[in-house]
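Undergrad: any chance you can model this:
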Amino acid sequence: MFAHIFLYMKSIFKNVVTITLFTLLTRMLGFFFRIYLSRTIGAEALGMYQVALSVFMVLLTLVSSGFTLIISRMTASFRVSSDRKAMGTLVTSSAIVGLLVSVILCLVIFLFRGLFANLFTDQNCMNILIILLPSLVFSAIYSVFRGAMWGNDNYFGLCVSELLEQVVKIVVCVLVLASGMTALQNAMSVAWSFTFSCFVSSIFVVLLYFFYGGKMGKPSKIYRKVIRQSAPITGVRVAGSFVQPLIALILPAQLMLAGYTSSQAMSLYGIAIGMTLPFLYLPSSLIGSLATALVPDISMAMVQNDSDHIQRRVSSSVIFALFVSFLIVPYFMAIGDKLGTFIYNEPLSGKLLQYSAWIMIPMGLTNITSAILNSVGLEVKSFLNYICGGVFLFLSALILPRFIGINALIVGMGSSSLITALLNILMLRKKLGIKIDVKRNLLLMILFCVPTMAITSFVSSLLSYVIPIFFNLCISCAVGMSLFTLLCVMFDVINFSVYLVKFKESFKKGKNFGKEKTAKNFSKVKHAKIAKNSEKEKNEKKHAKMENTIISEKDKLAKIEENHSKKWQFFQKICKKSGKMKVEEK
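TA: Residues are numbered from 1 along each chain as shown. I've put the predicted structure just below:
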């Protein structure tokens, strides 16, 4: 049993590492692409594109969110029974349904575009949305084949397809954009590059599906089961995805009511969403990887009723998420203005980054606690907590812009994440009966932020007269993060040795018990060769032993035959003598 558990842990670890590396690479490309866009097309065009994209993402969620998850689950169940025919039937039926739904949505939006255009404060956003519509059809195909590959554990192919989509979007956008274009033309060019990248990624994932041995089948009524199971998931995610589009529609309108022009409102929204927020999502990459690994671990502990393991894992994960979030907060607060000016050439983005850096702390807590709730089957409760937090974001965007302008978005996002995180923690305490006590660590990390900010700001000011801004930012970041980490280790806020020991143990155990699963790996091939050679040596020794046994048996037989021949000769002599004696008597 332990062999299967360790094999499973190693497989999960390998998948998480693969996904994390590709995700980091894809997000880095996207991050630098945003920098390029902000410098090339300007804040107004970026704002129009972001507003249209937020509405498009709702349609995309409706088409693909539930399908991918359900198809992956059903594919995994068919793998257990090795029912390849059912897999093909599932993919074909789901692809047909996805195509029909996406085409119907595109026709509805296109035919009633005049009605939907009234949703936007800037009518040009509707033109951008029309350009994005073909991506719905491509994404519907992509989601079906992606779910099938996900169910077959083809994570590498999925990561490559997502990376390819990002690369194609960047290349096409760079080729299409030209100087002297208006803001609308720039935004439309970015939309065309997005649509083309979706087309390329959908074709690529279909080819990968067949490359990995996938097949199509005859359509059947299995699509009813897919729709029935995916409907609740899709409904929950669509409801959640409405929060961002509502903010995208409400916030610019409220800024205009506060006295800003349409162009200024779009520029402010573009700076906040397109320039500042990507920085705030930096800790999410590492926390998201932890959450991915945490889900199966806690799920397994739930099956085994191991409450102590759940208590330790939840507490350590929450502390780690806090540490990752706090690690970057002092740096952004101290020199965020210089960072925004250097990267985007936009001082306002740097100021907003300084004001909003604290949001990363409740955002990190929300990410990790939501993942824990999902791992114990409380997805609906997690969604309800998210909606409760979203209400505060909605109210902030509706009321505060006339008083504090674009800073209303910062207040709304911070309060929303904080409320959601607190509700998630209360739900974990209530449903799992565990105690999450992080008051001491939280207080210490807040106190550590003060000297870290001071040292970071001092080093940056000192170096500004000596070296270029790029090296200034890098050295200041290294000094600040090193100081914060050192303080956390000295005061026992976080213990890295625990994570290193757990990593080494899981790796060694996986290495001992996971040979069959990782035979394709070079190191495992090497171990297989060694095992084969040792087996060969054992066989040779066995054969040599058998030969020695046979030789010894032959020697014994020869001695026995020799003894028999001697006895026979002796018997013949006796017989001859006895015959002579009888003759003499006669």
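Undergrad: and residue 146, how far from residue 67?
TA: According to Cβ to Cβ, to the nearest Å, residue 146 and residue 67 sit 9 Å apart. Where C-beta positions appear, they are placed from N, C-alpha and C, glycine not excepted.
Undergrad: now swap in residue 341 and tell me
TA: Distance from residue 341 to residue 67, by Cβ to Cβ: 43 Å.
Undergrad: looking at the two, which is more packed in?
TA: Legend: neighbour count by other Cβ atoms under 10 Å for residue 341 and residue 67, higher for residue 67 (25 against 16).
Undergrad: ok, now which ones touch the more buried one?
TA: Residues in contact with residue 67 (Cβ atoms under 8 Å, 6 or more residues apart in numbering) are 94, 97-98, 140, 143-144, 147, 226, 230, 234.
Undergrad: apply 7 Å and report the result again.
TA: 94, 98, 143-144, 147, 226, 230 (Cβ atoms under 7 Å, 6 or more residues apart in numbering).
Undergrad: how near is it to residue 86?
TA: Noted for residue 67: a distance of 17 Å to residue 86, by Cβ to Cβ.
Undergrad: please apply the same query to residue 133.
TA: With Cβ to Cβ as the criterion, residue 133 and residue 86 are 33 Å apart.
Undergrad: neighbour count winner among the two?
TA: Legend: neighbour count by other Cβ under 10 Å for residue 133 and residue 86, higher for residue 133 (20 against 17).
Undergrad: isn't that one right up against residue 106?
TA: Yes: assessed by Cβ atoms under 7 Å, residue 133 is found in contact with residue 106 at 4.7 Å.
Undergrad: sorry, back to before: and of the contacts of residue 67, the nearest to residue 467?
TA: Distance to residue 467 across the contacts of residue 67 (Cβ to Cβ) is lowest for residue 143, with 48.3 Å.
Undergrad: ok, and the closest non-adjacent residue to that closest one?
TA: residue 64 (3.5 Å; Cβ to Cβ, 6 or more residues apart in numbering).
Undergrad: OK, contacts around the one you found?
TA: Residue 64 neighbours (Cβ under 7 Å, 6+ apart): 139-140, 143.
Undergrad: looking at those residues, spot the one nearest residue 442.
TA: Nearest to residue 442 out of these is residue 143 (Cβ to Cβ; 39.4 Å).
Undergrad: now that closest one, what's its secondary structure?
TA: For residue 143, the assignment made with DSSP: H, G, I helix; E, B strand; the rest coil gives helix.
Undergrad: and residue 330, what pLDDT?
TA: With respect to pLDDT, residue 330 has a value of 93.
Undergrad: all numbers from here: first residue = 163
TA: Right, with 163 as the first residue, what we last looked at is residue 492.
Undergrad: for residue 345, give me the pLDDT.
TA: The model reports residue 345 with a pLDDT of 74.
Undergrad: wait, I meant residue 655
TA: Per-residue pLDDT puts residue 655 at 83.
Undergrad: ok, now residue 577?
TA: Listed pLDDT for residue 577 reads 92.
Undergrad: how about it, what does it touch?
TA: With Cβ under 7 Å, 6+ apart, residue 577 has these contacts: 554, 558.
Undergrad: swap the cut-off to 8 Å and go again
TA: Contacts of residue 577 by Cβ under 8 Å, 6+ apart are 551, 554-555, 558.
Undergrad: now residue 351. Nearest residue, chain neighbours left out?
TA: Nearest residue to residue 351 in three dimensions, chain neighbours excluded: residue 338, at 4.5 Å (Cβ to Cβ, 6+ apart).
Undergrad: is it true that the one you found touches residue 349?
TA: No: taking Cβ atoms under 8 Å as the definition, residue 338 is not a contact partner of residue 349, at 11.6 Å.
Undergrad: with neighbour numbers in mind, choose between these two.
TA: Taking neighbours as other Cβ under 10 Å, residue 338 and residue 349 compare with residue 349 leading, 32 against 16.
Undergrad: spell out which helix or strand contains the more buried one, please.
TA: Element membership for residue 349 (DSSP states H and E) is helix 345-373.
Undergrad: ok, then the element right after whichever strand or helix holds residue 416?
TA: Residue 416 belongs to helix 405-419 when assigned by DSSP H and E. Going down the chain from helix 405-419, the next helix or strand is helix 424-432, by DSSP H and E.
Undergrad: can I get that next one in PDB, CA atoms only?
TA: The C-alpha trace of helix 424-432 is given here as PDB (Å, rounded to 0.1, in the frame of the first residue of the first chain):
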ATOM      1  CA  SER A 424     -14.200  58.900 -21.300                       C
ATOM      2  CA  SER A 425     -10.600  58.800 -22.500                       C
ATOM      3  CA  GLN A 426      -9.300  59.600 -19.000                       C
ATOM      4  CA  ALA A 427     -11.500  56.900 -17.400                       C
ATOM      5  CA  MET A 428     -10.300  54.300 -19.800                       C
ATOM      6  CA  SER A 429      -6.700  55.300 -19.300                       C
ATOM      7  CA  LEU A 430      -7.000  55.100 -15.500                       C
ATOM      8  CA  TYR A 431      -8.700  51.700 -15.700                       C
ATOM      9  CA  GLY A 432      -6.000  50.500 -18.200                       C
END
